[in-house]
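**Student:** prediction below, plus the sequence it came from.
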Amino acid sequence: MEMRRLSVPKPTIFFSSVRRPRSCVTSTNPNQSAEPLVTPLERQKTESKAPEQGFVKWVSSVLSRPSLNSSNCKEILSNLTPYQFDHVFSEVGFSVNPSTALKLFYFGVHSCGYRFVVRSYCVLIRLLVISDLVSPARLLLIRIIDGKVPVTFETGYGGRHIELAKVMLDLSVGYEEENGVGVFDMLVHVYCTQFKGGDCGLAFDVFAFLASKDVFPSLKTCTFLLSSLVKLGEIDKSCEAFEHMCCGVVPDVYLFSTAINAYCKAGRISDAIGLFLRMEKSGVPPNVVTYNNIIHGLCKNGNLDEAFRFKERMINDGLTPSVVTYGILINGLVKSEKLDEANHILQEMIRKGCTLNEVVYNTLIDGYCNMGKVEVALKIKDDMLSNSIKPNSSTFCSLINGFCKNDRPEEARLILQELLSEGKPVNVGSFSIVISSLCRNSMLDSAVDLVEEMLAMRLRPNDSILTTIVIRLCREQRCSKAVQLWFRLLDKGFIPKIITSNALIHGLCAAGDMPGAASLLKEMVDRGWEFNLTTYNILISGCTKDGKVGEAFRLTEEIKRCGMEPDIVTYNLLMDVMCNAGKMDGARKLWEESKINGLVSNVYTYGIMIRGYCKVSKIDEAVNLFNELVIQKLELNNVIYNLLIGAYCRTSNVEEALRFCDDMRSRGIPPNNATYSSLIHGCCKVGSMEKARSFLTEMKSQGLMPDVYCYTALIGGYCNLGQMDIVEDVLQEMLKCGISPNKITYTIIIDRFSKMGDKKKANKFLREMVQNGIVPDSVTYNALISGLCKGGRMDEVFRLTDHLSQEGLSFDEVTYTTLIHGMMQPLTASSQE
């Protein structure tokens with residue numbers, strides 16, 4: 001092997017020196033305990049003396065034969081300890097038949113349980129390599145490394161791989177150099193390839209140890225090691241190894257190219273270019289691969305101009321850019337969003353007769369899809385077909401991604417179906433992209449169909465997508481479909497994540513289907529699945545909405561029995577149900593309990609309590625809590641302010657409501673529809689119609705659209721004042737804004753016209769109400785009946801009540817009381833006469 005050294009800078013990383021401390025005997029089998037520490041001197045004392053020379057000659061004679069006698073084997077091994085055998089074998093090793101010696105070793109291991117020392121194995125491996133029996137030598141080495149044969153190792157060499165290298169190195173001293181190189185090549189190569197996961201760390205350590213002793217594997221093995229390190233992403237080790245290789249072997253174009261690739265992957269572009277120039281000075285002409293590595297590194301770092309200069313230099317050196325060269329340049333341009341230039345490179349390839357492939361086309365298609373230019377991508381796909389290149393799964397996946405980014409999920413779905421119908425592989429990611437896009441575009445049924453298709457193919461859908469679909473199905477009152485999907489997952493052997501199950505339970509509870517939620521929970525319990533706190537909170541929320549307060553508190557106790565503690569969400573739910581029932585003392589007690597348990601109240605907790613106090617007309621208590629919120633510097637919101645503003649407006653204290661509205665604005669919280677609706681209602685209640693009207697105008701100027709509640713409050717205020725002409729004007733304004741009156745709006749108007757005795761107008765609005773698809777209820781009819789009774793038109797009253805009875809409308813106490821008063825009016829008048 002040529003040992004000419006190349007002038008290179010000193011390596012920046014140095015190998016640690018190898019020291020040999022006290023040794024011990026151990027096994028390659030990791031399950032076998034280590035033997036006690038024994039010094040070499042103690043070992044010599046305990047072992048027998050070296051065998052007589054006649055015995056050594058007899059062993060040499062046995063092992064020199066082409067076949068092996070088992071009885072001879074037993075006699076040899078029974079008379080020699082492993083260290084004595086090592087002494088004998090080292091002496092006769094190069095005069096024996098290597099195949100016979102190998103048989104002896106395997107016979108000793110498998111039939112006699114004999115443990116040879118590592119040096120004996122190394123002598124045999126070396127003998128096999130020199131005899132050109134490389135495959136048996138390699139297999140034996142692999143078995144030694146994997147622990148498949150018992151070996152006695154010395155410790156203290158930095159690892160058994162280093163000990164193997166050291167013994168091999170010691171055995172090569174005084175022999176021809178070529179004999180050692182083959183063994184070192186094998187050792188490095190086996191450590192590169194033998195281990196699962198492709199870890200080349202041990203191979204690198206072996207190389208490092210050899211290099212520290214100024215011994216190197218062959219150029220071919222150096223190239224293989226460097227290439228393996230680069231492929232595994234061990235870039236620092238790659239660069240370090242190359243610098244040391246240059247001290248022992250003369251790099252050729254392959255080693256230089258691999259090293260350049262390593263520097264480029266490490267982002268050391270200037271070093272890569274420097275090595276390229278050094279390569280040329282050494283008289284090693286770069287090849288296409290060398291240029292491709294440099295061009296790829298430059299493109300990856302965004303230096304496209306320099307990459308194109310190297311492409312021109314490549315042509316000037318008489319090399320023709322390959323499809324890989326063009327592919328690298330196109331990929332670089334696409335990533336820099338220079339798609340038109342990338343397309344020009346493609347056309348250049350076609351003009352020069354370069355063989356195109358799907359990788360080049362796919363790069364362009366993917367680039368255009370990412371830019372949202374799906375139509376251009378489709379045109380390139382057509383060009384691809386015209387050049388007899390069949391699109392593959394990557395092509396279709398890029399198009400799917402492009403259509404989804406452009407919110408064209410139906411076209412993406414059709415491509416996906418085309419892929420499936422052609423039997424092309426489709427990954428979970430493509431399904432997920434299309435399903436997400438379908439969900440975003442309210443195409444829920446198509447999304448569910450694709451999920452079903454995935455399950456039929458035994459593919460597990462993305463958990464977040466599953467959760468989204470379940471939530472949307474439940475919102476659309478299709479809980480049964482969501483439950484079916486959940487059970488389909490189970491049928492296919494997929495366990496839904498707890499977040500998906502919680503979403504389904506929440507949907508069932510929100511729909512009032514507590515039996516359905518209970519059935520789902522039973523299924524989870526039967527399968528041994530554990531609930532989390534969110535599950536319990538969802539159930540508690542469902543129970544409170546269903547009026548099952550006792551069950552909600554029972555679930556809270558169950559939380560504690562399961563070793564969990566209720567959180568602030570749990571307490572908020574329980575406090576809310578108490579506040580809704582007007583039981584503020586109970587709510588307060590729960591709140592104090594949460595504080596004792598170390599839970600920190602949030603703005604929602606205060607909001608629940610403030611709403612509760614406002615509901616029972618204890619506004620002062622609500623204001624105290626508001627002040628506490630301010631002191632604690634919790635973030636206020638318009639919900640808190642609206643609760644207080646609404647409470648003051650309901651008690652006709654508009655002045656205090658306006659004070660809170662001003663405070664709200666001063667904190668940068670803009671009033672919303674609910675704020676203005678309360679203020680308009682409060683002003684109308686006290687007859688301040690001009691102020692109410694001004695709030696409606698201000699609301700519009702703030703970009704807020706008044707809703708039916710705002711207009712209904714305004715109409716109610718004008719009705720109370722009897723200004724019915726203005727009422728009709730407001731109603732017309734409301735309709736022009738695209739806001740339809742509701743049942744309350746019509747009932748207020750009908751009631752006022754009835755009380756004024758204007759039967760014609762009352763009936764007109766009743767008819768209009770029915771024509772607009774709003775079914776009058778008992779409150780509406782009571783208003784009409786009351787007006788007729790006051791006008792003494794009892795005949796019309798009874799005709800109306802008979803008609804309503806035939807329509808199946810039930811009368812309430814108010815109706816009957818109104819009728820009695822109506823019938824008594826003529827009697828009262830007669831008595832007075």
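**Tutor:** It's in.
**Student:** give me the residue ranges of the stretch 101-250 of the chain where confidence is low.
**Tutor:** Within the stretch 101-250 of the chain, the segments meeting pLDDT under 70 span 155-158, 174-180, 195-199.
**Student:** show me the contacts for residue 713.
**Tutor:** Each residue near residue 713 by CB atoms under 8 Å, 6 or more residues apart in numbering is listed here: 677, 680-681, 684, 692. In this view, the C-beta of every residue, glycine as well, is placed from N, C-alpha and C.
**Student:** out of those residues, which one sits closest to residue 721?
**Tutor:** Residue 721 lies nearest to residue 684 out of the contacts of residue 713, by CB to CB, at 9.2 Å.
**Student:** that closest one contacts residue 692, doesn't it?
**Tutor:** Yes - contact between residue 684 and residue 692 holds when scored by CB atoms under 8 Å: they sit 5.0 Å apart.
**Student:** can you list residues touching both of these two?
**Tutor:** The overlap between the contact sets of residue 684 and residue 692 (CB under 8 Å, 6+ apart) consists of 713-714, 717.
**Student:** got CSV for these, with secondary structure and distance to residue 82 too?
**Tutor:** Formatted as CSV, the shared contacts of residue 684 and residue 692 follow (DSSP: H, G, I helix; E, B strand; the rest coil; distance: CB to CB, whole Å):
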residue, secondary structure, distance to residue 82
713, helix, 102
714, helix, 106
717, helix, 109
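**Student:** could you give the number of residues near the residue lying closest to residue 775 once chain neighbours are set aside?
**Tutor:** Nearest residue to residue 775, sequence neighbours excluded (CB to CB, 6 or more residues apart in numbering): residue 743, at 7.9 Å. Neighbourhood size, residue 743 [other CB atoms under 10 Å]: 15.
**Student:** just the pLDDT for residue 743.
**Tutor:** We have a pLDDT of 89 for residue 743.
**Student:** doesn't residue 152 belong to a strand?
**Tutor:** Yes - the assignment for residue 152 by DSSP: H, G, I helix; E, B strand; the rest coil puts it in a strand.
**Student:** state the distance from it to residue 269.
**Tutor:** Relative to residue 269, residue 152 is positioned 50 Å away (CB to CB, to the nearest Å).
**Student:** would you map the helices across the stretch 51-200 of the chain?
**Tutor:** 53-64, 70-79, 82-92, 98-112, 118-130, 134-146, 160-172, 177-193 (DSSP state H, counting those that start in this stretch).
**Student:** return the most buried member of these.
**Tutor:** With neighbours defined by mean count of other CB atoms under 10 Å, none of these is more surrounded on average than helix 118-130, at a mean of 23.
**Student:** ok, which stretches of the stretch 301-450 of the chain are helices?
**Tutor:** Listed in chain order, the helices of the stretch 301-450 of the chain (DSSP H, counting those that start in this stretch) span 304-316, 323-335, 339-351, 358-370, 374-386, 393-405, 409-421, 428-440, 444-456.
**Student:** distance to residue 99, mean pLDDT and mean neighbour count added to those helices, as JSON lines?
**Tutor:** Output for the helices of the stretch 301-450 of the chain, formatted as JSON lines (distance: least, CB to CB, whole Å; pLDDT from 0 to 100; neighbours: other CB atoms under 10 Å):
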{"stretch": "helix 304-316", "distance to residue 99": "52", "mean pLDDT": "92", "mean neighbour count": "16"}
{"stretch": "helix 323-335", "distance to residue 99": "46", "mean pLDDT": "89", "mean neighbour count": "22"}
{"stretch": "helix 339-351", "distance to residue 99": "56", "mean pLDDT": "86", "mean neighbour count": "16"}
{"stretch": "helix 358-370", "distance to residue 99": "49", "mean pLDDT": "88", "mean neighbour count": "22"}
{"stretch": "helix 374-386", "distance to residue 99": "57", "mean pLDDT": "88", "mean neighbour count": "16"}
{"stretch": "helix 393-405", "distance to residue 99": "51", "mean pLDDT": "89", "mean neighbour count": "22"}
{"stretch": "helix 409-421", "distance to residue 99": "56", "mean pLDDT": "88", "mean neighbour count": "18"}
{"stretch": "helix 428-440", "distance to residue 99": "53", "mean pLDDT": "90", "mean neighbour count": "20"}
{"stretch": "helix 444-456", "distance to residue 99": "57", "mean pLDDT": "91", "mean neighbour count": "18"}
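**Student:** out of those helices, which is closest to residue 135?
**Tutor:** Closest among those, using CB to CB: helix 323-335, at 34.5 Å.
**Student:** okay, the angle between the closest one and helix 304-316?
**Tutor:** Per axes from the mean of the first three to the mean of the last three CA atoms, to 10 degrees, the angle that helix 323-335 makes with helix 304-316 is 160 degrees.
**Student:** okay, angle between helix 323-335 and helix 358-370 too, please.
**Tutor:** Using the same axes, to 10 degrees: helix 323-335 against helix 358-370 is 0 degrees.
**Student:** show me what helix 323-335 packs onto, helices and strands only.
**Tutor:** Judged by 3 or more CB pairs under 8 Å, 6 or more residues apart in numbering; DSSP states H and E, helix 323-335 is in contact with helix 288-300, helix 304-316, helix 339-351, helix 358-370.
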